[in-house]
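With the input below, show me the fold.
(one chain, ligands or ions: 1)
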Amino acid sequence: MAPIEDAALRSLLADLRAIPSGREEKTNELENLIDYLEIAAVAAGEKPSHLQGQGRRSRGFMHAIERVAGVHGLLVMRTPPVPTYYHRAPHYDPRFFEWERQRDRESCAREGHVLWIYRDRNLESAIRAAVEGEADVAEVLGYPPCCVRENSELGIRLAEARVRGYQSQYGATDVEDFIRLATQDARVEITRTDWPEFRHVFPYVQFSPCSHCAESSSSPAAEVNWAMKRLATRLSPAFQRAIDKAAKAALEVREAKRRR
Ligand SMILES: [Zn+2]
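Okay, here's the model as predicted:
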C-alpha cells in the first residue's frame, strides 16, 4: 500500500478534531483524542484497525467519525459489538458457560453497531472472527497479545468468583441455580482482588496493559504507547500537548474519586 503523506494525515486529523462534540463526548476528552490518534495511526499504516463505539458512546459521534474516515479513503465496516473473548474455559459447569456466552452474544446483537476503521481489505475476515468471539482482538487492533490475554484471564477469574459466590452465598449447586441467579442479577460479594483493574500508565493507548507491561518502559505495551506518542508529535505538537493535558485531567479526576 502506498505510504500516506503527513499532509494527508494532518488533514484527516484536522477533520476529526473538527467534529462537534456533544455533551456526552466532553466528559471523555482523552478517549476522543486517542480515538483520533488511532484513526490517524490506521491511515499511517502503523495500526491495523481502530474500533469505534464499543461500550457506551454516542451514535452521532460514531456517524461523524464514519463520514470523515470514508472521505479520507479509509475502509469502514459496521458490525455488532465485540463479545467478551475467553482464552480458556472457566472452571465451572460448561453448560453455564455456554449459557453465559449465548446471553452475551444476544445482548451484543441488541446493542446496535460498532464501527471498524481499517486500510487493508484482507483484514476483514480477522475482524469478523473477533466479532464472532472466535479470536481475540489483539491482532486486528495491534494490541500486545500478553495484555489482551491477561485481561481475558482477569475477566474469567471474575466470572469464577461470581460462581463461587452463587455457591457460598446462595447455596447454588447446579447449572439451573446458576442460570436462575444470573437471570435475577443476584448480587454477589466479590473481594477487591478478584476485580480486574484498568492500569492507567500509558495515556496513548486504549487497552489496559498487563502487569508485566505496566512495569517496564520497554515492554510491548510501552512500545505501542511511545509509537503513538511519536505519531501525535509528528503530526501536530499542539495535538500531542492536548493529549497530555487531557491525560493529566483524567488522572486528577481518578485521584479525586479515590480520595472520596
Ligand atoms: Zn502486555
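
how about the residues of the stretch 1-150 of the chain that lie near the ion?
Proximity of the stretch 1-150 of the chain to the ion, by C-beta under 5 Å from the ion, involves residues 144, 146-147. Quick note: C-beta positions are derived from backbone N, CA and C, even for glycine.

Restricted to strands, list these.
Among these, no residue falls in strands (DSSP state E).

Which of the residues you listed has the largest number of neighbours?
Among these, Cys147 has the most neighbours (other C-beta atoms under 10 Å), with 25 neighbours.

Grab the nearest non-local neighbour of that one.
Excluding its sequence neighbours, the residue lying closest to Cys147 (C-beta to C-beta, 6 or more residues apart in numbering) is Cys210, at 4.4 Å.

Let me know whether that neighbour touches Glu150 as I believe.
Yes: in this structure Cys210 lies within contact range of Glu150 using C-beta atoms under 8 Å: 3.7 Å.

Return the mean pLDDT over stretch 95-102, rounded to an integer.
Computed over stretch 95-102, the mean pLDDT rounds to 95.

buried residues in it?
96-97, 99-100 (16 or more other C-beta atoms under 10 Å).

Show me which pair in those residues is furthest apart.
Spatial extent of the buried residues of stretch 95-102 (C-beta to C-beta) is set by the pair Phe97 and Trp99 at 7.2 Å.

contacting residues around Met62?
When contacts are counted by C-beta atoms under 8 Å, 6 or more residues apart in numbering, Met62 touches 52-53, 113-115.

Skipping its backbone neighbours, what lies nearest it in space?
Gly53 (4.5 Å).

What values do phi and psi take at the one you found?
The phi/psi pair for Gly53 (degrees, to the nearest 10) reads phi 100, psi 0.

With Ser208 instead?
Residue torsions, per degrees, to the nearest 10, at Ser208 are phi -90, psi 120.

Do a quick rundown of the helices in the protein.
6-17, 23-26, 29-43, 59-71, 94-110, 124-131, 138-141, 145-170, 175-183, 211-214, 220-235, 237-259 (DSSP state H).

buried set for the third one?
Taking 16+ other C-beta under 10 Å as the basis for neighbour counts, the residues of helix 29-43 that come out buried are 29-30, 32-43.

Could you give the separation of stretch 170-178 from the chain centroid?
Counting by C-alpha atoms, centre = their mean, to the nearest Å, stretch 170-178 is centred 32 Å from the centre of its parent chain.

ditto for stretch 194-213
11 Å.

hmm, who's touching that stretch?
30-31, 34-35, 37-38, 141, 143-144, 146-151, 154-155, 157-158, 161, 214, 219-222, 224-226, 228-229, 232, 243-244, 247, 250-251, 254.

what's the first-to-last distance across it?
Taking C-alpha to C-alpha, to the nearest Å, stretch 194-213 runs 20 Å from one end to the other.

so does that stretch get close to the ion?
Yes: Stretch 194-213 lies within reach of the ion by C-beta under 5 Å from the ion, at 210, 213.

For the closest residue to Tyr143 other than its chain neighbours, give its distance to Tyr92.
Of all residues beyond its chain neighbours, the one nearest Tyr143 is Phe207 (4.7 Å), with distances taken as C-beta to C-beta, 6+ apart. According to C-beta to C-beta, to the nearest Å, Phe207 and Tyr92 sit 27 Å apart.

Just give the number of residues close to the closest residue to Glu38 other than its chain neighbours.
Among residues not flanking Glu38 along the chain, His50 sits closest, at 4.3 Å (C-beta to C-beta, 6+ apart). Around His50 there are 27 other residues, counting by other C-beta under 10 Å.

do the same with Ser216
12.

ok, now Val163?
Neighbours around Val163, by other C-beta under 10 Å: 21.

Look up the closest residue to it, ignoring the ones flanking it.
Tyr92 (4.5 Å).

Now do the same for that neighbour: its pLDDT.
96.

ok, now which ones touch it?
Residues counted as contacts of Tyr92 (C-beta under 8 Å, 6+ apart) are 159-160, 163, 178.

Report pLDDT for Cys210.
So, for Cys210, pLDDT stands at 94.
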